[in-house]
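In: quick one, fold the following:
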Amino acid sequence: MIPHHPLTSEQIDIWLVFYQTLTAPALQAAMLELLNDAERQQQIRFYREDDRLRYLATRALVRTTLSRYAPVAPADWTFIPNEYGRPAIGNAHPDARSLNFNVSHTRGLIALAVTRDRVLGVDVENLATRQVSGDLAAHCFAPAEVAELATVPEERHQDRFFEYWTFKEAYIKARGIGLSIPLDRFSFHFPDERSVALAVDPELGDDGARWRFWQFRPTPEHLLALCAERLDGAVPQLTVRSVIPTGADTPFAWNLLKRSP
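Out: Numbers count the residues shown, from 1 in each chain. From the prediction side, this is the model:
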């Protein structure tokens, strides 16, 4: 039986799966049983074994984790995408409908963030498998971000790029309207190495003060950023766990790198 986890809007849970360890045939078969027919068909379309396993673990993680918060069996969850493709929960039970979640995955790691009655977005990136260039920053970042990145020492350039990138992706995902938000029309800046602030072009119809941000490194290779809507001003409690989708979870020790005031 999947253990129940109490959750309120004052809490945000992040679940981490290091999916490349999920190699046991019995475990993979158990995860596959949780998927619906469309998901099973999608899973076999991936050419690379790593991509097939990542997709399988992601879908199993979403289904089993949501069942920790509402009386819905993992295989019974339904999802309805909005016009930009972001999935929302389709189940009618009130404990299910109040949940908000977002998932991100990269080579070696899947991250799922869950809360109630507040929108959020999460992004995780593998810094070791992707080399970035100044041209990419110039194309994707706001002028202030490009200018600041140019001042960073070469040995810190990769890390700083992904500090910006993960924050930008988490914000876009929290907004739920995809790349209809121009990447160069909002910007992050770092008042110091432990804090972050967001500035948004007024034409985008948003206020940077509406959002809270956190950033940490689950492993030396991975960087994770979380964006969550502010509600009553109280800072939500953030809990991080490592989990096997059909098995046990354990608390995950994490060190905060940056956060918004």
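In: pull the longest helix from the chain.
Out: Ranked by residue count and defined by DSSP state H, the top helix of the chain is helix 154-175.
In: can you dump the C-alpha atoms of it in CSV for me?
Out: Coordinates of each C-alpha in helix 154-175 appear next as CSV, following Å, rounded to 0.1, in the frame of the first residue of the first chain:
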residue,chain,number,x,y,z
GLU,A,154,35.4,31.1,-17.6
GLU,A,155,35.5,28.3,-15.0
ARG,A,156,32.1,29.5,-13.6
HIS,A,157,30.5,30.1,-16.9
GLN,A,158,28.7,26.8,-17.3
ASP,A,159,27.3,26.8,-13.8
ARG,A,160,26.1,30.4,-14.1
PHE,A,161,24.4,29.8,-17.4
PHE,A,162,22.4,26.9,-15.9
GLU,A,163,21.6,29.0,-12.8
TYR,A,164,19.8,31.4,-15.1
TRP,A,165,18.4,28.6,-17.3
THR,A,166,16.8,26.6,-14.6
PHE,A,167,15.2,29.6,-13.0
LYS,A,168,13.9,30.7,-16.4
GLU,A,169,12.5,27.3,-17.2
ALA,A,170,10.9,26.9,-13.7
TYR,A,171,9.2,30.3,-14.1
ILE,A,172,7.9,29.5,-17.6
LYS,A,173,6.5,26.2,-16.3
ALA,A,174,4.8,27.8,-13.3
ARG,A,175,3.1,30.2,-15.7
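In: mean confidence (pLDDT) on whatever helix or strand comes next after it, please.
Out: From helix 154-175 onward toward the C-terminus, using DSSP states H and E, the following helix or strand is strand 186-189. The predicted model assigns strand 186-189 a mean pLDDT of 97.
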